[in-house]
Structures are given as C-alpha cells and as structure tokens.
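*Asks:* structure for this input, please:
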Amino acid sequence: MSEKCGITVIGAGAWGTALGMLLAEKDKFTVTMWSFEEDVADSINEAHENRYLPGIHLPDSLRAEADLSKALKGASIVLSASPAQVVREVMTEAAPHVSADALVVSASKGIENETLLRMDELLGQILPEQSMERFCVLSGPGFAKEVVSHAPTAVVIAGRTTEAAKEAQDIFQTPYFRIYTSTDIVGVELGGALKNVIALAAGITSGLGYGHNTIAAVITRGLAEITRLGVAMGGDRATFSGLAGMGDLLLTCTGDLSRNRTVGYRLGRGESLQEILSDMKAVAEGVKTTESVYELAKGRGVEMPFVEQVYGILNNDVKPADALEALMLREPTSEEWH
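*Replies:* Numbering: from 1, shown residues only. From the prediction side, this is the model:
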C-alpha cells in the first residue's frame, strides 16, 4: 500500500478547517492543521472540534499542531489559509520548513495593507522560487459551514501553469466540491479580496432598512468597480463574471453566514466599528481590505465610489445614511464598466 501524501493547512480558522476536513475525508492524504492557538490545536486532536466551526465533528484522522516546523514536516502540499494581514508573518516563519518542490495553494482573501501586495506577490517574496513556479490560489463562493455539511459547492483554482491548476484541482475535487481551473491568478485573487468590501456596503444597505432593489444595485455596481480595478491591475475581465467574481460577490453580499455583510449590517444599524469587531471571534477581511483597495484605486486613478464611501464610514466617521445619499446624488452617467 503506497504511503499517503502529506498536506499541511496553515491556519485553523473556519475556512482552513473546512478545507482540511474536506481533504482528510478523501482518505488519500495525511492532513495536519497548524493553529497559532494551542488550545485550538488541542481541541482538534482531543475533542475533534474547533470553536471556529461550532457543532461540527472533525475526522479523527485530521491532526493539528501549534508548532509550524512540526506541522510542515513531510508536507508535499501546503495550503496557506491564514487571515491576509498575518500571512507575511506566518509564512516567513514557515518558509524554512516548506519543501522547494511542494505545491503551495493560497486560500486567503485579501491585500496586504502595508505593501498593497496580493497574496501571490507577497508569498513570492518569501517562499522558494521553485515552489512558486507551481503556485495556485483557491477562491470562489464557499461558506465553511456549508462545505463541511457537503452542500454542493463550486470554486475556482488558478495556477501559474495549467498543469499546476489541474494538479490542485485533482487534490481538492470531491463529489460535493467542484473545482474549475484558471490561469488568471491576478483576477481570481482580486475577485476574492475586493468582493468583501462590496459585501460591507451591501450589509450597510440592509442595516439601513433597504430591500432588494437597493441590494441589487450595490451588487451590480459593485461588480463594475471590482472589474475596473481588476482589469487595471492585469486581471482578465471574464474572470470577474465567474465564480471568483460575481459568484463570490453574490454569496458574500446576500448570505447570512457572511462575516463582512454582518459587519456592514451592524454599521448600518448604528453600531460603532470598534464594538462590532470587539465581539467577533473570526476575522472580517473586508475591513482591512478596504484600506488597501482605497489606496490601490487612488494610485491607479480608478473610480470606485462604493469603496470610497465604505472607506469613509470605516475611517472618517461618515454616517451610513449620508454615504448612501452621496452615492445616489452623484453626477448622472452612462452604464460604462471600463
């Protein structure tokens, strides 16, 4: 009997754990989670539970480590699933223990604040050049809770090469988790990061008490903004109409399990950002990503009215109702997406 392939999942939040569980259930791999919280690692090993995915019994074969070097020992596949703003710190520590011929897949959705780098650019500064030649990113519409419940889900994996994307597709595909491939890493990463900012806007709109008309406008015009910046940064326009663009945007703007939509909703209801974040267990990536996207758009001269207003609400104490009014009273224009 051949030895099972070793996979390490770096990041034991809800999404990392859901993907780790999916891989462990395939019974083709030895899957090890890394958690920076020792009690989370202990809970995965002993109770087969993770507080970031409450009520879910994890496979007995899914193991966890709080020591990165131990977690990465023997791994030929590495899945980076930490929150975007800590990926540099975590992967810098991990890098000496990542095999040069490992297949590295990123599942983090965000843009680093200090450098405005996407995850593939960031990891390219840290990881061995050889492993980056086969680098892939996994993104698309997937709530962790639904994935572990085996709800039919479709996502996209973009690779530096078609061969790498197909290799990762084979690793992650299951009867309930369908993978489509792409080579547009830029577009897939930006779709996954930028939709969280628009989800904040959608949540704010719902929190203000508005209904389907308004949400439809936010989603559609939000997609126009995502596409404009994405194309300006080198993404393929078609990507933003696919799973990593419209698909993920639609899910995150409408689903009750969306952390970013929830933050926006509570802002719309009048709560302060500080009090919202203080009682959240998990990270809402859109809050930090808004800062990065605002700066990227400004630097490239890309018009992003929703991003500007969300940035104002988060950073300049702009009232949500005033932000919505400012959007509606802008100069009339044509429906151009370029």
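*Asks:* going by C-alpha atoms from here, please, whenever you check contacts or count neighbours.
*Replies:* OK.
*Asks:* tell me how many other residues surround residue 335.
*Replies:* Close neighbours of residue 335, defined as other C-alpha atoms under 10 Å, add up to 8.
*Asks:* secondary structure class for it?
*Replies:* Taking DSSP: H, G, I helix; E, B strand; the rest coil as the rule, one finds residue 335 in the coil state.
*Asks:* that one and residue 51, how far apart?
*Replies:* For residue 335, the distance to residue 51 equals 45 Å [C-alpha to C-alpha, to the nearest Å].
*Asks:* do residue 42 as well
*Replies:* 11 Å.
*Asks:* could you do residue 128 as well?
*Replies:* 33 Å.
*Asks:* now swap in residue 296 and tell me
*Replies:* Distance from residue 296 to residue 51, by C-alpha to C-alpha: 35 Å.
*Asks:* ok, the spatially most central residue of the chain - contacts?
*Replies:* Closest residue to the average C-alpha location of the chain: residue 109 at 2.7 Å, with C-alpha atoms, centre = their mean. For residue 109, the contacting residues are 83, 84, 119, 139, 189, 192, 193, 285, by C-alpha atoms under 8 Å, 6 or more residues apart in numbering.
*Asks:* so which of those residues belong to helices?
*Replies:* 119, 189, 192, 193, 285 (DSSP state H).
*Asks:* could I get these as JSON lines with distance to residue 149 and pLDDT?
*Replies:* Below are the ones in helices among the contacts of residue 109 laid out as JSON lines (distance: C-alpha to C-alpha, whole Å; pLDDT from 0 to 100):
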{"residue": "119", "distance to residue 149": "28", "pLDDT": "97"}
{"residue": "189", "distance to residue 149": "25", "pLDDT": "98"}
{"residue": "192", "distance to residue 149": "22", "pLDDT": "97"}
{"residue": "193", "distance to residue 149": "25", "pLDDT": "97"}
{"residue": "285", "distance to residue 149": "23", "pLDDT": "89"}
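*Asks:* would you list those residues in JSON lines and tack on distance to residue 316?
*Replies:* Listed next are the ones in helices among the contacts of residue 109 as JSON lines, based on distance: C-alpha to C-alpha, whole Å:
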{"residue": "119", "distance to residue 316": "27"}
{"residue": "189", "distance to residue 316": "28"}
{"residue": "192", "distance to residue 316": "25"}
{"residue": "193", "distance to residue 316": "22"}
{"residue": "285", "distance to residue 316": "19"}
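*Asks:* and the strands in the stretch 51-200 of the chain?
*Replies:* Remark: strands assigned in the stretch 51-200 of the chain by DSSP state E, counting those that start in this stretch are 63-65, 77-80, 103-106, 136-139, 153-159, 177-182.
*Asks:* partner strands of the fifth one, with direction?
*Replies:* Sheet neighbours of strand 153-159, with direction, are listed as strand 136-139 (antiparallel), strand 177-182 (parallel) (DSSP bridges).
*Asks:* buried deepest among those, which one?
*Replies:* Neighbour counts (mean count of other C-alpha atoms under 10 Å) averaged over each of those peak at strand 136-139, with a mean of 29.
*Asks:* list of residues touching that strand?
*Replies:* Counting by C-alpha under 8 Å, 6+ apart, 103-107, 109, 120, 155-160, 164-165, 168, 185, 188-189, 192, 243-244 sit against strand 136-139.
*Asks:* poorly predicted segments of the stretch 1-150 of the chain, please.
*Replies:* Residue ranges of the stretch 1-150 of the chain with pLDDT under 70: 1-2.
*Asks:* residue ranges for the helices of it, please.
*Replies:* With DSSP state H, counting those that start in this stretch, the ranges of helices along the stretch 1-150 of the chain come out as 14-25, 38-46, 68-71, 87-94, 119-124, 129-132, 144-148.
*Asks:* any idea which of those helices is most buried?
*Replies:* The most buried one of these (mean count of other C-alpha under 10 Å) is helix 14-25, showing a mean of 23.
*Asks:* pull the contacting residues for residue 106.
*Replies:* Residue 106 touches 79, 80, 81, 119, 120, 136, 137, 138, counting by C-alpha under 8 Å, 6+ apart.
*Asks:* in JSON lines: those residues, plus distance to residue 173.
*Replies:* Formatted as JSON lines, those follow (distance: C-alpha to C-alpha, whole Å):
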{"residue": "79", "distance to residue 173": "15"}
{"residue": "80", "distance to residue 173": "18"}
{"residue": "81", "distance to residue 173": "18"}
{"residue": "119", "distance to residue 173": "22"}
{"residue": "120", "distance to residue 173": "22"}
{"residue": "136", "distance to residue 173": "14"}
{"residue": "137", "distance to residue 173": "14"}
{"residue": "138", "distance to residue 173": "12"}
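*Asks:* and which of these is nearest to residue 213?
*Replies:* residue 138 (31.4 Å; C-alpha to C-alpha).
*Asks:* against residue 181, how distant is the closest one?
*Replies:* 9 Å.
*Asks:* which neighbours do the two share?
*Replies:* Joint contacts of residue 138 and residue 181 (C-alpha under 8 Å, 6+ apart) are 156, 157, 158.
*Asks:* and residue 301, how many neighbours?
*Replies:* Every residue meeting other C-alpha under 10 Å relative to residue 301 is counted, giving 11.
*Asks:* torsion angles phi and psi at it?
*Replies:* phi 70, psi 30 (degrees, to the nearest 10).
*Asks:* cool, and the one 3 residues further on?
*Replies:* Phi and psi for residue 304, reported as degrees, to the nearest 10, are phi -140, psi 80.
*Asks:* nice, that's everything, thank you.
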